[in-house]
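Student: Okay, predicted coordinates and the sequence, questions at the end:
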Amino acid sequence: MAGGGGVTSGKSYPGKFTSKVLFTCIVAASGGLIFGYDLGISGGVTSMDFFLEKFFPKVYRKEISVKPSDDQYCKFDSQTLTLFTSSLYLAALLSSMTASRITRGLGRRMTMMFGGLFFAIGAVINGFAENVLMLIIGRVLLGFGIGFANQSVPIYLSEIAPFKYRGALNIMFQLSIIIGILVANLLNYFTAKIEGGWGWRLSLGGAVVPGLVFFLGCFFLTDSTNSLLERDKFKEAKVQLQKIRGIDNVEEEFNDLAKASEAARLVQNPWKEILTRKYRPQLIFAILIPLFQQLTGMNVFVFYAPVLFKSMGFGNNASLMSALITSIVNFCATLVSIATVDKYGRRTLFLEGGLQMLLCQLVITVSIASKFGTSGNPGELPLWFSMLVVIAMCVYIAGFAWSWGPLGWLVPSEIFPLEIRSAAQSITVAVNMIFTFCIAQVFTTMLCNLKFGLFIFFAVCVVGMSIFIYKFLPETKGVPIEEMTIVWKNHPRWSKYFVEKDSSFEMGKI
Ligand SMILES: OC[C@H]1O[C@](O)(CO)[C@@H](O)[C@@H]1O
């Protein structure tokens, strides 16, 4: 098989799946709640009339002037809220860079705590906002929180987990992102109806809850063994490993982790190191995986869902129904991913998920093209049509939720050796932030210009990324994290990067 699955290092450490490891991973994974909460809350709040009228009156006037007969592809084409929305993503990508120093110097746990705290403070400022400046300051702090959390949580989970369950435990991060999205959507539904129009304060201020849950939860955690060793805390590191594995004899694993931290100590500047030739294969994945995750078009489908549900006759309940149905599908399919990722492997899920998304994208494209045409005005939509599109959309979401959604965080967090893991994760977070933002912003303009062709664009992307995975991604299931370099060395496409001329730093030879 191209890309070769099934290459393992042959290592197998003793140890049990303890309740302590489960508890630790659940608490750490709650860091995903804050990202999810923001993804879910901001779209809803920026379409609440009172919020727009108070902070963005021009946008509000434009929104209320749109007539039902206008081009449906173009009705969302407004870029005025860009500064407000983008401040979070910009802050998140900048802070994820700083976070790499903190995760390395002060540990994963401390970085997570900063994440929760920044997010909670940002939420309070937003909840009490009286002007756009306060909103933006609050949002920048939320962005810092998300940057810190997304940088440290996936690495922490991958390091804490016994290697045989690493996939499942890491995916709990994506699971809490989805819970965050769902809770936020439900909250928006109710706050939008509050008399007096102050409901948006509850939605924005409510972010303090996931922020504090995450922050306070971190007090119950100890750092990962890898991170303690990285900071010369040998004794503590060993005790921690014994506790988390539930056995006394952790010698073999501990020695391998200690060796990895020895190697890491030789690296002074991870940012320079990561650019050297020997890390090129993994670096390509740290950049392309989060990029491809967003180019599946998932967020566009989520954004488009309420419109479709409206056309199915759900009327005023359309956004609630769409949030509920899409989140439940997303949640259940992520559970499938948790159950299968360490059994069938990352490659199988990526490829199956890709095929499933592609087929659904084709059904949706043909359906939308046949009804909306290029005018964007469909008239009355028959029920069977809406049902077909909604079913295709749910099957698409399931495909995403057991492949690119969770694996977009899992794979980058597990493929790097310790010395550059933090720097690499920052790059993954930065790329994820840039493209989550770009897709959300550019989507409105793209939909207006490409019309149903937008779905073809994402379908072509899915074909490209699936071929890429098939040919180039080595299977990483069941490989201890500090043994990971072996799978790259054994891969036919990447082995040449590991022949002993590592120091000859040859840029651009791929
Ligand atoms: O589950 C869907 C959500 O998951 C993400 O891809 C993050 O991993 C978000 O961009 C998206 O909204």
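Tutor: That came in fine, so what should we check first?

Student: need the contact list for Ala207.
Tutor: 34, 37-38, 41, 119-120, 122-123, 126-127, 142 (CB atoms under 8 Å, 6 or more residues apart in numbering). For glycine as for every other residue, the C-beta is placed from the backbone atoms N, C-alpha and C.

Student: Next one: it relative to Ala120, how far apart?
Tutor: With the distance defined as CB to CB, to the nearest Å, Ala207 ends up 8 Å from Ala120.

Student: if we can go back for a sec, can you narrow the contacts of Ala207 down to the ones near the ligand?
Tutor: Contacts with the ligand are made by none of these, judged by CB under 6 Å from any ligand atom.

Student: Residues of the stretch 1-150 of the chain that sit close to the ligand?
Tutor: Proximity of the stretch 1-150 of the chain to the ligand, by CB under 6 Å from any ligand atom, involves residues Leu39.

Student: Just the helices from the stretch 51-200 of the chain, written as ranges.
Tutor: 57-64, 82-105, 108-127, 132-160, 166-191, 199-205 (DSSP state H, counting those that start in this stretch).

Student: Please tabulate those in JSON lines, including the columns mean pLDDT and distance to Asn330.
Tutor: Putting those into JSON lines (pLDDT from 0 to 100; distance: least, CB to CB, whole Å) gives the following:
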{"stretch": "helix 57-64", "mean pLDDT": "78", "distance to Asn330": "28"}
{"stretch": "helix 82-105", "mean pLDDT": "86", "distance to Asn330": "21"}
{"stretch": "helix 108-127", "mean pLDDT": "97", "distance to Asn330": "22"}
{"stretch": "helix 132-160", "mean pLDDT": "94", "distance to Asn330": "18"}
{"stretch": "helix 166-191", "mean pLDDT": "94", "distance to Asn330": "5"}
{"stretch": "helix 199-205", "mean pLDDT": "95", "distance to Asn330": "20"}
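
Student: Tell me which of the ones you listed is the most buried.
Tutor: Per-stretch averages of neighbours, counted by mean count of other CB atoms under 10 Å, single out helix 132-160 among those, with a mean of 26.

Student: now the angle from it to helix 82-105?
Tutor: Counting by axes from the mean of the first three to the mean of the last three CA atoms, to 10 degrees, helix 132-160 lies at 40 degrees to helix 82-105.

Student: Off-centre distance for helix 132-160?
Tutor: 12 Å (CA atoms, centre = their mean, to the nearest Å).

Student: got any ranges where this structure has weak pLDDT?
Tutor: Of all residues in the chain, those with pLDDT under 70 make up the ranges 1-10, 66-82, 303-304, 307-308, 310-316, 372-381, 444, 447, 451, 500-510.

Student: interface residues of it facing the ligand?
Tutor: Residues of the chain lying near the ligand (CB under 6 Å from any ligand atom): 39, 174, 177-178, 293, 298-299, 302, 330, 405, 408, 436.

Student: Swap in 5 Å and give it another go.
Tutor: 39, 299, 405, 436 (CB under 5 Å from any ligand atom).

Student: Can you say which of these are buried?
Tutor: The neighbour-count test (16 or more other CB atoms under 10 Å) marks 39, 299, 405, 436 as buried among these.

Student: out of those residues, which are inside helices?
Tutor: 39, 299, 405, 436 (DSSP state H).

Student: Tyr165: which of these is nearest?
Tutor: Among those, Gly405 lies closest to Tyr165 (CB to CB), at 18.8 Å.

Student: For that closest one, give me its contacts.
Tutor: Neighbours of Gly405 in contact, by CB under 8 Å, 6+ apart: 174, 293, 298, 330, 334, 337.

Student: isn't Val431 right up against Leu291?
Tutor: Yes: using CB atoms under 8 Å, Val431 is in contact with Leu291, at 5.4 Å.

Student: Compare the two and say which is more crowded by neighbours.
Tutor: More crowded of Val431 and Leu291, by other CB atoms under 10 Å: Val431, with 22 against 17.

Student: circling back to that earlier point, could I get the contacts of Ala207 as CSV with distance to Pro382?
Tutor: Shown next, in CSV, are these (distance: CB to CB, whole Å):
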residue, distance to Pro382
Ile34, 41
Tyr37, 37
Asp38, 37
Ile41, 34
Phe119, 45
Ala120, 48
Gly122, 45
Ala123, 43
Asn126, 42
Gly127, 44
Leu142, 42
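
Student: Tell me the one of those residues nearest the ligand?
Tutor: When those are ranked by distance to the ligand (CB to the nearest ligand atom), Asp38 comes first, at 10.1 Å.

Student: Distance check, the closest one against Ala184.
Tutor: Asp38 is 8 Å from Ala184, by CB to CB.

Student: again, but for Ala263
Tutor: Taken as CB to CB, the span from Ala263 to Ala184 is 42 Å.

Student: Buried residues in the helix or strand where Leu407 lies, which are they?
Tutor: Secondary structure from DSSP states H and E places Leu407 in helix 404-414. By neighbour count on 16+ other CB under 10 Å, the buried set for helix 404-414 is 404-414.

Student: would CSV of the residues you listed with distance to Lys259 be doable?
Tutor: Formatted as CSV, these follow (distance: CB to CB, whole Å):
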residue, distance to Lys259
Trp404, 33
Gly405, 34
Pro406, 30
Leu407, 28
Gly408, 30
Trp409, 27
Leu410, 24
Val411, 24
Pro412, 23
Ser413, 20
Glu414, 18
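
Student: Closest to Ser12 out of the ones in helices among the buried ones among the residues of the chain next to the ligand?
Tutor: Gly405 (29.3 Å).
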